[in-house]
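Novice: return a 3D structure for these sequence lines:
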Amino acid sequence: MSAAATKFAKILPYCNLGRMKYDKALTLQESLVQRQLSFSRNTTGDSPDNPLSSPDILLIVEHEPVYTVGIRSNEFTEIDSAVLQAKGADFHRTNRGGLITFHGPGQLVAYPILNLQRYKPSIRW
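Specialist: Residues are numbered from 1 along each chain as shown. Presented below is the predicted three-dimensional model:
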């Protein structure tokens, strides 16, 4: 790692959730996001040195078979949902981008829960 990269390196704690259904992992993500927002609104010194800061975290999970459909999901009907569920997978509509994504056993998915105000903005974002 270069000296410049080391200067900006941050350590991010993670939590390996193991195998979990998508909706349960989503509920956890949403609660952690609300915690981040609550801390940001209720503290004036949101920094890693402030013990009242809500920590950034990386959730790692392996989902039970699930198809997620994002905000561009108008192409997927209830019939499509039923066909996928008949194959043994859950089906969830999300508020995220994209069309359709499969997550399942053997695939690790990482969900960062970050307060981006703690990081130096970059043109690369």
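Novice: and the end-to-end length of stretch 104-122?
Specialist: 33 Å (Cα to Cα, to the nearest Å).
Novice: buried sites along that stretch?
Specialist: Neighbour-count burial for stretch 104-122, counted by 16 or more other Cβ atoms under 10 Å, picks out 109, 111, 113, 115. Quick note: C-beta positions are derived from backbone N, CA and C, even for glycine.
Novice: list the contacts for the second one?
Specialist: Spelled out, that is residue 111. Residue 111 sits next to 25, 29, 58, 59, 60, 61 when contact means Cβ atoms under 8 Å, 6 or more residues apart in numbering.
Novice: distance of it relative to residue 66?
Specialist: 14 Å (Cβ to Cβ, to the nearest Å).
Novice: and what of the first one?
Specialist: Residue 109 sits at a distance of 10 Å from residue 66 (criterion: Cβ to Cβ).
Novice: then the last one?
Specialist: Counting by Cβ to Cβ, the gap from residue 115 to residue 66 is 28 Å.
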